[in-house]
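In: Prediction below, plus the sequence it came from.
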Amino acid sequence: MPLPVGALGPAVMLNHCVHLSDRDIELIAATGSPVVHDPTSNMLLGSGVALIPRLRAAGATIGLGCDGPACTNGQDMIENMKYAALLQKVVARQADVVVAEEVFRMATSGGAAAVGLGDRLGRLVPGFLADVVLVDATGPHMIPMHDPLAALVYSARAADVDTGLVGGRIVVRHGEVPTLDEERVVSDVARRARAVRRSA
C-alpha cells in the first residue's frame, strides 16, 4: 500500500485525530501509527471528536493523553478516562460504544504503546517497570462499588490517589509528593504566571 509521504509508522505519535477520512484511518492502522486521544482538550477547544470506535475496529493503537494545561485546564488522567468514555457515548448515542475497560486500557497499555514503551510498561506483568497507582476507594462518591474498574473510570478523582510508584520508587505517599516541596512549587508557579500576565 503506497504512502503519500512516508511519514506514518510506529515511531510517530498522532495526537487528537479529530478530522480523519476513511483512507486516513486505513493508513493509520496499516502502518501501526499510534493515536493519542485527548477528549478534554477537544471538548474545551471545540475542535472535534476522534473516531475512536472506527480506529479501534481498524486495529489502530490508541492511547489516552491530557495535552498541556493551556488546552485542558488540568492534567487529570482519571478525569480524562471518564470524559473519553462519555464523549464517545454521547456522539454515538450508544451507551456501550466505549466502556470502562477499554478506556482504562487506553490510559495504561495503550498509552505505553503509543509512546513506544509498550514492551516495558503499561501492564502489571513480570519484567515490566513497576509503575503502580493505589487509589483510596473509601470516599462516599465511590460507594457502593459494584465494579471496581467502572468505579475508577466514572467515579474516582485525582485526589483519590493515595500512593504512586514509578519504577518501584514511591513518588506519591498518602496524597503528597515526598520528593519535592509542593508549597514552594505552587508558589513559584503562581509567581511566574503573574509575571507572564504583566509582560503580556
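Out: Sure thing, it's come through. In this text the structure is predicted, and so the values were computed from the model without any measurement. Numbering: from 1, shown residues only.

In: after the least confident helix or strand in the chain by mean pLDDT, next one along is what?
Out: Within the chain, confidence by mean pLDDT, DSSP states H and E is lowest for helix 69-72 among all helices and strands, at a mean of 75. Remark: after helix 69-72, the chain's next helix or strand is helix 77-92, criterion DSSP states H and E.

In: Pull out the buried positions in that next one.
Out: 77, 78, 79, 80, 81, 82, 83, 84, 85, 86, 87, 88 (16 or more other CB atoms under 10 Å). All C-beta atoms are positioned from the backbone trio N, CA, C, and that covers glycine.

In: which helices and strands sit right next to the very next helix or strand once past that helix?
Out: Following helix 77-92 in sequence order, the next helix or strand is helix 100-105 (DSSP H and E). If you count contacts as 3 or more CB pairs under 8 Å, 6 or more residues apart in numbering; DSSP states H and E, helix 100-105 packs onto helix 77-92, helix 148-154.

In: Contacts for the helix or strand following the last one next, please.
Out: Looking back up the chat, that one is helix 148-154. Going down the chain from helix 148-154, the next helix or strand is strand 161-166, by DSSP H and E. Strand 161-166 is contacted from outside by 78, 129-136, 170-175, using CB atoms under 8 Å, 6 or more residues apart in numbering.

In: mind listing what strand 161-166 pairs with, with the direction of each?
Out: strand 132-135 (antiparallel), strand 169-173 (antiparallel) (DSSP bridges).

In: Dump these into JSON lines; add mean pLDDT and mean neighbour count as well.
Out: As requested, these are arranged in JSON lines below (pLDDT from 0 to 100; neighbours: other CB atoms under 10 Å):
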{"stretch": "strand 132-135", "mean pLDDT": "96", "mean neighbour count": "15"}
{"stretch": "strand 169-173", "mean pLDDT": "94", "mean neighbour count": "14"}
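
In: which residues of this structure score low on pLDDT?
Out: 1-5 (pLDDT under 70).

In: from what I can see residue 65 touches residue 37, true?
Out: Yes. Counting by CB atoms under 8 Å, residue 37 is a contact partner of residue 65 at 6.9 Å.
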